[in-house]
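Undergrad: Task: produce atomic coordinates for the following.
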Amino acid sequence: FWLKRGTGSGFGRNALEGAMGKFIKAGRVVVMLQGRYAGKKAIVVKTFDEGSKSRPFGHCLVAGVDRAPLKVTRRMSKKKITKRTKVKPFVKYANYNHIMPTRYQVPAEISPASMCTDQQMDTADGRVEAKKFVKSLLQEKFLAPPADKSGRPSKDVIYMRKKLRF
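TA: As a prediction, the model looks like this:
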């Protein structure tokens, strides 16, 4: 193309960020693109735009659904329903290049900031504890999705509940 790389033409990631503004904020539903959880949906818990000492690049802490709940019908027994509505969660740090933001934002009552903290991510026990909390929160919200403004179940939570088909 007629613009050469590195000519300082003003285009590039930094120039665009100033014009567009941040859209990856806490509560945004994202799709993981790389690694073990590629194709899985997650919620941004905390962002680190400038990076940190251990990770000197833009990244975020995400909590997501590794194994989504299965479909349930009226005929199924209570035991079968509880088994099928189980969720397997994950928590991890993800580079901005390895996530794709969606148009969905989780409702405020789910409060993504309370899902997981940096201190919990420092130790293995903390991560296990964070996963347990995320699991209980997601299972509860998936079973009875919070209502949106019109009174219908929130589309954002319903989107999170479904497995990504690709």
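Undergrad: what number of residues lie near K80?
TA: 13 (other CB atoms under 10 Å). Every residue, glycine included, has its C-beta placed from N, CA and C.
Undergrad: What's the local residue count around the closest residue to it other than its chain neighbours?
TA: Among residues not flanking K80 along the chain, V72 sits closest, at 7.7 Å (CB to CB, 6 or more residues apart in numbering). The local packing of V72 (other CB under 10 Å) involves 14 other residues.
Undergrad: for stretch 90-106, how far is the first residue from the last?
TA: Taking CA to CA, to the nearest Å, stretch 90-106 runs 17 Å from one end to the other.
Undergrad: The protein: helices as residue ranges?
TA: For the chain, the helices defined by DSSP state H occupy 13-20, 78-84, 118-122, 124-143, 155-161.
Undergrad: Worst mean pLDDT among those helices?
TA: Mean pLDDT is lowest for helix 13-20 among the helices of the chain, at a mean of 48.
Undergrad: Just confirm R161 contacts F142, I think it does.
TA: Yes: using CB atoms under 8 Å, R161 is in contact with F142, at 4.7 Å.
Undergrad: Next, show the common contact partners of those two.
TA: P69 (CB atoms under 8 Å, 6 or more residues apart in numbering).
Undergrad: picking that back up, can you check which of the helices of the chain gets nearest to P101?
TA: P101 lies closest to helix 13-20 among those, at 11.8 Å (CB to CB).
Undergrad: Give me the below-cutoff pLDDT ranges for the chain.
TA: 1-21 (pLDDT under 70).
Undergrad: for it, what spans make up the strands?
TA: Here the chain has its strands, by DSSP state E, at 28-32, 41-48, 59-67, 88-95, 99-105.
Undergrad: List the residues that contact the residue nearest to K80.
TA: 80-81, 84-85.
Undergrad: can you do 7 Å?
TA: For V72, the residues meeting the contact criterion (CB atoms under 7 Å, 6 or more residues apart in numbering) are 81, 84-85.
Undergrad: again with F142
TA: Counting by CB under 7 Å, 6+ apart, F142 has contacts 69, 85, 87, 157, 161.
Undergrad: Any quick ChimeraX command for the buried ones out of those residues?
TA: Buried residues within the contacts of F142, by 16 or more other CB atoms under 10 Å, are selected in ChimeraX with:
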select :69,87,157,161
